[in-house]
Structures are given as C-alpha cells and as structure tokens.
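Enquirer: The amino acid sequence is not available; the structure is as follows:
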C-alpha cells in the first residue's frame, strides 16, 4: 500500500521561481496539518519563527500552536503560504502574528522581536529557520552579491534576532537554529549555503556557552534532504525529481517529520540540552 504521507522519488520534474510556493509543489509537502497532536508542552509560551510560511518553519508553527504557544510568523513575501500557516495556528486556538519582511535587515529583525513582545507579551522561543540557497557548479559563477545574500540571510539574521531577543528572554527560554547535514557533508554545488550551515553550528555552540548563565538554552536541528519549496525553486528539475533518494530511508523527509525535534528543544523535555545539534537526516550520518 502506497504511503501517501511519505512519497518516494522520483517526483514529477518541476521548477519554480524563488522562493517557491507550497501549493505548486508535487507532491505537496506534509506539515503535520492532519497528523500532529499536541498535549500542552508549550502552554503559555510565545514563539518567533522565521521562514514560517512554508516548509520546516510551517510545520514547527503548527506543532508549537498545538502544544499551546502563540506564534509570530516571519516570512519574506509568500503571503498566501503565510496566511495558511496563520489559519492553522488560529485553528489550534492560539494567536498568530503575521509579519513579512527581509531578515537580512537588522532593523527588521529588531522589529520582529518587538512585535512578539508587544503582541504576544514576550518571547520565550526563537526559531532561526529561514534560509537562502542557490546551486552552482563553478565557484567562478558565484558573485560577491550572492555570497553576501546567503550569509546575511542564513547567519547574520540569526545573530541579529538572537541579539534582539535575549534581553527579553527569561531563564528557561530557548533559541533553536536550523543548521543542516551540509554543515558536516557539504555538497560542492551548495558552497555558499553549506558554509553558512557550518557557521550556524558553530554559532549555536558558542552562543550556548555565552547564554548559559542567563538560563537560556541554545540548540540546533540539522535536517537532511527535506521536501520544501526551497528544492524546486533552487535545484534543476531533474535533480529535484530524485531528491532524497540516496538516503538510507530512500526518500526526502517531510517537514512534519522535523517538528518533534523542535518541540523537544523548545519544551521542558529538553531542559538538560544546550549546545546540542539534533540530526534528522534520513540516515545520513553526522558524527
């Protein structure tokens, strides 16, 4: 019997213009809309999640809301996807604050944190998840502007957001960064992206030490190949069609399969975890 929640490649060949739209993907990713069941692990918490319009961020927003958290949904310009995330958060009985804008800007990052403080009453959980990537076969094709955009989105923004959030965070709060299998197994075609993911892992470890005296935990999740709009919008169609087939599980992961790791790190279940990286990689080894 076919597993419709976990489809295996090959997928239909497809390409979108960046940053991509969820509804145009085939198969449409599973964010846990029908499957995730919460039981109050984050009751009363306020969370800010970047890239929450789609992919992993959307799955985390749905899971956090069903665990009792209110959510600031940060995204670039994918209005339709962001509204859909907000719908799921509100259906869980929680407050959704939808904020578009470019996290490469430090001022926007400060505004995101202030929106959480003003509209949700504080910030207990920061999820630095949004990412930018492009594929290139030759370093000569990577412009300085492209390199800068990748670093500003993937590692500057988590720095900006963490710096803004920490003064508002109480002991027991949590910062969760999204790194990647690419931090340990870099693909040459993803040189800029993989470099930022290595930096995120190091940032996580250093910030965990820096904030330990404040009682703020800092951890990361390292996804393997996950089926999100980033894939058809940044990879050649023929490569996207085979995405994830070389993992031990034999397929790309679905965003819903990441949500539990973020809930663990955000909740009291992970109270003895800081400076950690949780791999969710379909069997790709990170040791």
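Expert: Nice, thanks for sending it over. It should be emphasised that the depicted structure is a prediction, and the values quoted were computed from it without experimental measurement. Numbers count the residues shown, from 1 in each chain.
Enquirer: And for the residue lying closest to residue 43 once chain neighbours are set aside, the neighbour number?
Expert: The shortest distance from residue 43 to any non-neighbouring residue, by C-beta to C-beta, 6 or more residues apart in numbering, is to residue 68 (3.4 Å). (C-beta placed from N, C-alpha, C; glycine too.) If you count neighbours by other C-beta atoms under 10 Å, residue 68 ends up with 18.
Enquirer: for the helix or strand containing residue 74, packing partners?
Expert: For residue 74, the element it lies in under DSSP states H and E is strand 70-75. With contacts taken as 3 or more C-beta pairs under 8 Å, 6 or more residues apart in numbering; DSSP states H and E, strand 70-75 sits against strand 46-50, helix 55-66, helix 79-91, strand 96-100, helix 106-120.
Enquirer: and the angle from the first one to strand 70-75?
Expert: Taking axes from the mean of the first three to the mean of the last three C-alpha atoms, to 10 degrees, one finds that strand 46-50 is oriented at 10 degrees with respect to strand 70-75.
Enquirer: And the average pLDDT for strand 46-50 is what?
Expert: If you average the pLDDT over strand 46-50, you get 99.
Enquirer: now do the second one
Expert: Predicted confidence along helix 55-66 averages 98 (mean pLDDT).
Enquirer: Check which helices and strands it sits against.
Expert: Checking 3+ C-beta pairs under 8 Å, 6+ apart, helix 55-66 ends up next to strand 46-50, strand 70-75, helix 79-91, strand 125-128, helix 259-266.
Enquirer: What residues sit buried inside the helix ranked longest in the chain?
Expert: Taking DSSP state H as the criterion, the chain has its longest helix at helix 191-211. Residues of helix 191-211 classed as buried by neighbour count (16 or more other C-beta atoms under 10 Å): 191-201, 203-205, 207-208, 211.
Enquirer: which one of the helices and strands packed on strand 70-75 is the most hemmed in?
Expert: When you average the neighbours per residue for each of these (mean count of other C-beta atoms under 10 Å), helix 55-66 leads with a mean of 30.
Enquirer: Hey, what's the angle from it to strand 96-100? Just curious.
Expert: Going by the same axes, to 10 degrees, helix 55-66 is angled at 160 degrees with respect to strand 96-100.
Enquirer: Rebuild the helices and strands packed on helix 55-66 as CSV, extending it with distance to residue 17.
Expert: Conversion of those to CSV gives the following (distance: least, C-beta to C-beta, whole Å):
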stretch, distance to residue 17
strand 46-50, 21
strand 70-75, 16
helix 79-91, 14
strand 125-128, 25
helix 259-266, 27
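Enquirer: Looking at those, which is nearest to residue 104?
Expert: strand 46-50 (11.3 Å; C-beta to C-beta).
Enquirer: Can you tell me how far residue 8 is from residue 187?
Expert: From residue 8 over to residue 187 the distance is 21 Å, taken as C-beta to C-beta, to the nearest Å.
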